[in-house]
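[1] Sharing a model prediction with you, sequence too.
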Amino acid sequence: MKIDTLRRHFREAYRGIVKNSWMSFAAVGAVAVTLMIFGVFVIFAVNLGSITDEVGDNVSMNVVLKEEVTKEQATALTAKIKGLPNVNEARFISKDEGVDEVKKNLKDADFTRVLQKGENNFLPNLIKVTPKNVSVSKQVEEAVKGLEGIESVKNSNTAKELLDSVLLFKNIILVFGVGLAVLAAFLISNTIKLTIIARRREIEVQRLVGASNWFIRWPFFIEGGFIGFVGSVLPIGVLLLIYQGFVKMISGGSQNANLLQMVGFADMAKYLTVSILGIGIFIGVFGSILSIRRFLKI
């Protein structure tokens, strides 16, 4: 495409936006509001994905050994479990090591005072098993239960239930996001239709003198893309400011920071900019395509 032709397309797109300034402004506002809501969903989805990965990486089960199992047998059993399919890691924890771990993890709990090493240690010897991912934890549990010397397997279903809930919520977010994108595309489509109506005679003249369909389409594509772009900038800025303040508030208290690990501001800025800007421009151009294909039939 020649530079002069491209300039002409941008000039015509600008003329269409100015001529229908109120509708263009309304379309930009509608796109901004729609993408603002979509951006909130993106923030939730990204953080939920981070939680999913973190929980999935930390899912483990405690394999309690029978009292008569010796340390040598426990070491051999640990190696055997580590070699099972879908097992990422297996580590033997003796009774005394268990006391140290409990006191380290629950140092403020009152009952840790009664924990003692030696003969009075009532904790069992166990093997801490980490599956490759949470989805195979049940298979790993069944495989471990069948081994000799195993008393029981303590596998909490809380992590899996949490991940299932997170995945369900992410799917709901995806459905809402697609619905909002379609809505914004139709809003832009209606704006482009008004431009087409206003310039219909001019378009007919262009077709009579032999202008190609693409030559006629390009100004409308640019107009729709511009509306989508402008409608994307405001939500990105507002959402990033809010998110930055929220991250600072969460990280301000050490206890809250440990409970809720949020995606960093730089990473979230990347996710929001790419997703909102990309979708904004896409639905702008897509809205133009809808108008041209269905209204002009070219």
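    Received, thanks.

[2] Let me know the secondary structure of Asn62.
    strand (DSSP: H, G, I helix; E, B strand; the rest coil).

[3] burial measure for the closest residue to it other than its chain neighbours, as a count.
    Of all residues not flanking Asn62 in the chain, Lys154 sits nearest, at 4.5 Å (CB to CB, 6 or more residues apart in numbering). Quick note: C-beta positions are derived from backbone N, CA and C, even for glycine. By the criterion of other CB atoms under 10 Å, Lys154 has 12 neighbours.

[4] Lys154 and Lys145, how far apart?
    11 Å (CB to CB, to the nearest Å).

[5] pLDDT weak spots in the stretch 1-150 of the chain?
    Scanning the stretch 1-150 of the chain with the threshold set as pLDDT under 70 gives 1, 52-58, 102-122.

[6] Next, please give the residue ranges for the strands of the stretch 101-250 of the chain.
    Ranges of strands within the stretch 101-250 of the chain are 126-131, 150-154, based on DSSP state E, counting those that start in this stretch.

[7] Mean neighbour count, these: which tops it?
    strand 126-131 (a mean of 22; mean count of other CB atoms under 10 Å).

[8] Given that strand, what are its sheet partners and their directions?
    strand 61-65 (antiparallel), strand 87-93 (antiparallel) (DSSP bridges).

[9] Now do that strand: everything it contacts.
    Identification of contacts with strand 126-131 by CB atoms under 8 Å, 6 or more residues apart in numbering yields 59-65, 74, 77-78, 81, 86-93, 98, 137, 140, 144.

[10] So among these, which ones count as buried?
    When the contacts of strand 126-131 are checked for burial by 16 or more other CB atoms under 10 Å, the buried set is 59-63, 65, 74, 77-78, 81, 87, 90, 92-93, 98, 137, 140, 144.

[11] Please report how far Gly280 lies from Gly224.
    The value you get for Gly280 to Gly224, if CB to CB is used, is 10 Å.

[12] Val205 too?
    Separation of Val205 from Gly224 (CB to CB): 22 Å.

[13] Tell me which of these two has more neighbours.
    Between Val205 and Gly224, counting by other CB under 10 Å, Gly224 is the more crowded of the two (31 against 11).

[14] Skipping its backbone neighbours, what lies nearest that one in space?
    That would be Ser288: by CB to CB, 6+ apart, it lies 3.3 Å from Gly224.

[15] Now do the one you found against Lys138, distance only.
    Using CB to CB, Ser288 is found at 50 Å from Lys138.

[16] which of the two has more neighbours?
    Higher neighbour count among Ser288 and Lys138: Ser288, with 30 against 14, using other CB under 10 Å.

[17] for the more buried one, phi and psi?
    phi -70, psi -40 (degrees, to the nearest 10).

[18] Is it in contact with Phe226, as I believe?
    No. With contact defined as CB atoms under 8 Å, Ser288 does not reach Phe226; the gap is 10.2 Å.

[19] so where does the residue nearest the centre of the chain fall, helix or strand?
    Nearest to the geometric centre of the chain sits Val46, at 2.9 Å (CA atoms, centre = their mean). According to DSSP states H and E, Val46 maps onto helix 21-57.

[20] in that helix, what counts as buried?
    23-24, 27-28, 30-36, 38-43, 45-48, 50-52, 55-56.

[21] Not counting its neighbours along the chain, what's nearest Phe186?
    Nearest residue to Phe186, sequence neighbours excluded (CB to CB, 6+ apart): Gly287, at 6.8 Å.

[22] Please look at that neighbour and Leu187 and confirm they touch.
    Yes. Using CB under 8 Å, Gly287 is in contact with Leu187, at 7.2 Å.

[23] The two: who's more crowded?
    A direct count of neighbours by other CB under 10 Å for Gly287 and Leu187 places Gly287 higher, at 30 against 23.

[24] That one and Phe41: what is the separation?
    Taking CB to CB, one finds Gly287 at 20 Å from Phe41.

[25] burial measure for Glu72, as a count.
    8.

[26] Leu6 too?
    Neighbours of Leu6 under the rule other CB under 10 Å: 12.

[27] Pull the contacting residues for Ser94.
    Taking CB under 8 Å, 6+ apart, one finds Lys71, Ala74, Asn125 in contact with Ser94.

[28] Mind doing that once more with 10 Å?
    Leu65, Lys71, Ala74, Asp100, Lys117, Asn121, Leu123, Pro124, Asn125, Leu126 (CB atoms under 10 Å, 6 or more residues apart in numbering).

[29] among those residues, which are in helices?
    Within the contacts of Ser94, residues falling in helices by DSSP state H are Lys71, Ala74, Asp100.
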